[in-house]
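# sequence? don't have it. structure:
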Ligand SMILES: Cc1cc2nc3c(=O)[nH]c(=O)nc-3n(C[C@H](O)[C@H](O)[C@H](O)COP(=O)(O)OP(=O)(O)OC[C@H]3O[C@@H](n4cnc5c(N)ncnc54)[C@H](O)[C@@H]3O)c2cc1C
Ligand code: SF4
Ligand code: FES
């Protein structure tokens, strides 16, 4: 198929940035979206032009490095996948595809489609862990965890830290990302002990880093490639309330 | 020929590590604060080491090339992690895990190191559970296990098909805790460029800040490389796009020996190649072989009809299918080790029984769905099935998956002694980047185990043994002669790359190198092909240095420049792999020399002549490297021909 691509180009964080238009031909429907950009870049390099910079690594939907706001949707027009798992069979001959970086104050653009997501690391540094040193812990089977609890924790722990939830939210809120970690550790006995301090510290860090508030629109859940449920946000709000009552 | 000393402690197998721990030198807490450690890599190896060393009180600086430590390629591991817990009461023990690993590695690994690995495996599971890693549980609330290739017990712990992700997030959370405490400093989007050696010891690194393009220098009393495998030398592999061999190659050129470079693991269950624009191959976890059955049509004519889409695989009756692994290896069936399963698939496809493009076999879940129900299958493998469907547009609940072997893991790597130290004092190497523990073939679910064993439980002791003698070493200024010189050499090389201004893209060279490697140094290797590769690679390298085209400048975010540096190194590393493969005139594990096979096509090992680790020392760009040997004198295990029948 032949396509027209409107892609955000921005030389560095200070540059204002603009859309550039490119044409690309003969793309196979079995080609992945990022392979399509590879082909475009090969073409641009051969023409002596600047290729398009974008983030990616595992290309199998797990590292969370790829991003891209494609035709108005984070990770493009398919559900429950990342951009690297998107395939060109979701598009048709003659389409125009608009490709932008995630837009959020807390995720500044580094170059073209590449953004800075260090704010997520900082939130987790504020409390997204169980305080246990290496060695000297009890036998793994000494902590019994009901099957369903383990599954619930696993659902929350599946978050890949991509930031699509923030990109999808009109307030650029990081609630889903934060709630996923708070929830995972709050349902497990290992994490319960520090639950109150954790939720407070992570939420205050999130606010400090410039993410917006949550108004329950559910856009994050709809675009999350790992189907993280907004019920985790409800749980986090409960945890937060309890933590504050305890004070 | 020079011989290497592994420095394995004396004593009985089961006592070596305890003896080591009770006699190694220690660093007291106030001195730890005066010691700096640099760690390159935040995968299971690097992140666990950084967390553990930070907890102990050292000043740790840790680096990765991604935008966050959580994205290291360990995140992609699917199937699970081994440990000798024997929770299933099925006869497992530390000795058995040790023995399976030695045997699986085709008797080409070091007994003392492998035993230590098996010994600490149980602590890893305890540690991860304490961190909140949500391993799968049974209905009584106890940990669940699955079986993996090369073992007859169920010792693999898992978190759905995302075990690597959960283990890495556990290590990352421990790392985050240390970053918050200030004991670890994290540097992301940094690409390592060189090791700085001062008076024969590794004392620092030069890295390139990928976001700004600037070179930066850092000092450490010791340097740890935890940079993962170099499978991307083949261009197409299951590794992440950025996985690379550059840090270990830089270390090699600074004097660290490279051991068994030709030992590559080709994983039997990957989604087949479908087009020449393809950028990477996707693994379908080996755990699928627990419940999936592998087959091809018995008759070539049926295979042809299937390839031409005149026949659907689900319509082919049972008696016309050849479950070739179950047929050839009744004892292990679909769970034979990876090298055996890969070669068997290639053999069937080469004989004309392949499906899909001809280079694919079926992995069928129909029986499992009948036996366990769709829901159970979904709970176990749901995310893998979804991943498969997104890529191929086919639903594996209804039609068998198609799979084919692909490059997956490199057993070779920097040579390290029992302390995990390379031949450069003060330079350590852990995780997939070193050569240790897996011999000529790695068993499934053992890489995660090794990465975390090295980082959490081994390096924290062994590095102390070295650092205890460094407490009086003052921090060396990054403006000192050695740092400045190394930085200049890095700068010169970058400028040289940029000044070529040729006509061909970096990727085009990488693809060509990958084809040479796959063709001549892949699943089957022979003298003629290897010699051909030894002729082709230097020519390709020369062409690269004359005609590569790198757009942009050095002082900006420049992904093409980043790739160019890596491909330049692969063009040298690939040649060393071929040299090593040529030297090893035996078939063992993943290294299959076509000249050396039994009548029924099984690998023929030669213990008389090749029971050693081949470790290569760099002698200069225009000189052949020198081979050293570490003799593998087995004290405790008797070598036998591997037999999975
Ligand atoms: C798809 C897949 C599935 C797998 N499944 C399993 C499994 O089920 N069980 C199992 O046991 N094993 C599995 N493995 C193998 C296992 O995941 C790896 O061997 C292991 O995770 C490697 O860990 P590591 O810490 O050594 O390196 P990695 O996790 O690869 O980390 C490398 C680190 O080094 C950094 N780095 C690399 N180069 C540079 C550079 N030039 N400059 C700066 N930093 C650099 C990276 O940023 C990264 O942080 C799988 C592998 C793959 C590819
Ligand atoms: S919650 Fe979903 S969208 Fe948000 S970072 Fe995690 S995986 Fe991405
Ligand atoms: S590149 Fe890793 S999730 Fe897309």
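On my side now, so go ahead. All figures in this text were calculated on a predicted structure; none of them were measured in a lab. Ligands and ions are numbered 1, 2, ... in the order given.

# ok, the closest residue to residue B:564 other than its chain neighbours to residue A:35 distance?
Nearest residue to residue B:564, sequence neighbours excluded (CB to CB, 6 or more residues apart in numbering or on different chains): residue B:506, at 4.7 Å. All C-beta spots, glycine's among them, are computed from the backbone N, C-alpha and C. Using CB to CB, to the nearest Å, we find residue B:506 at a distance of 16 Å from residue A:35.

# Those two: who's more crowded?
residue B:506 (25 against 21; other CB atoms under 10 Å in any protein chain shown).

# was I right about the more buried one contacting residue B:548?
Yes - contact criterion CB atoms under 8 Å: residue B:506 and residue B:548 qualify, at 6.0 Å.

# what touches both of the two?
Shared contacts of residue B:506 and residue B:548 (CB atoms under 8 Å, 6 or more residues apart in numbering or on different chains): residue B:564.

# just the helices in chain A please.
Secondary structure of chain A (DSSP state H): helices at A:33-46, A:118-125, A:147-157, A:164-168, A:175-187, A:189-192, A:195-208, A:219-223, A:231-246.

# Let me see the mean pLDDT of the second one.
What it means is helix A:118-125. What helix A:118-125 shows for mean pLDDT is 98.

# ok, that helix near ligand 1 or not?
No - judged by CB under 6 Å from any ligand atom, helix A:118-125 and ligand 1 are separated, with a smallest distance of 13.3 Å.

# contact partners of that helix?
A:106-107, A:161, A:163, A:174, A:177-178, A:181, A:202, A:205-206, A:209-211, B:67-70, B:172-173, B:176-177, B:179-180, B:186, B:188.

# Of the residues you listed, keep whichever come out buried.
A:106-107, A:161, A:163, A:174, A:177-178, A:181, A:202, A:205-206, A:209, A:211, B:67-70, B:172-173, B:176-177, B:179-180, B:186, B:188 (16 or more other CB atoms under 10 Å in any protein chain shown).

# Those in strands, which ones?
Using DSSP state E, the members of the buried ones among the contacts of helix A:118-125 that fall in strands are residue B:186.

# can you tell me which residues contact residue 98?
Assuming you mean chain A. Going by CB under 8 Å, 6+ apart, residue A:98 touches A:6-7, A:19, A:70-72.

# my bad, chain B
By CB under 8 Å, 6+ apart, the neighbours of residue B:98 are B:13, B:114-115, B:117-119.

# That one sits in which helix or strand?
According to DSSP states H and E, residue B:98 maps onto helix B:94-104.

# how much distance is there from that helix to the middle of the chain?
19 Å (CA atoms, centre = their mean, to the nearest Å).

# Touching the lowest-mean-pLDDT helix or strand in chain A from outside, list them.
Least confident element among the helices and strands of chain A, by mean pLDDT, DSSP states H and E: helix A:231-246 (a mean of 92). Here helix A:231-246 makes contact (CB under 8 Å, 6+ apart) with A:156, A:175-176, A:178-180, A:182-183, A:186, A:195-197, A:199-200, A:203, A:214, A:216.

# Tell me what angle that helix forms with helix A:195-208.
Interaxial angle, helix A:231-246 versus helix A:195-208 (axes from the mean of the first three to the mean of the last three CA atoms, to 10 degrees): 110 degrees.

# Helix A:231-246 and ligand 2 in contact?
No - shown here: helix A:231-246 not in contact with ligand 2 (CB under 6 Å from any ligand atom), separated by at least 8.5 Å.

# now that helix against helix A:175-187, angle please.
70 degrees.

# Break chain A down into its domains, please.
Taking automatic domain parsing as the criterion, chain A consists of the domains A:3-111, A:117-130+A:145-246.

# Turn those domains into a markdown table, columns for distance to ligand 3.
Putting the domains of chain A into a markdown table (distance: least, CB to the nearest ligand atom, whole Å) gives the following:
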| stretch | distance to ligand 3 |
| --- | --- |
| domain A:3-111 | 3 |
| domain A:117-130+A:145-246 | 6 |
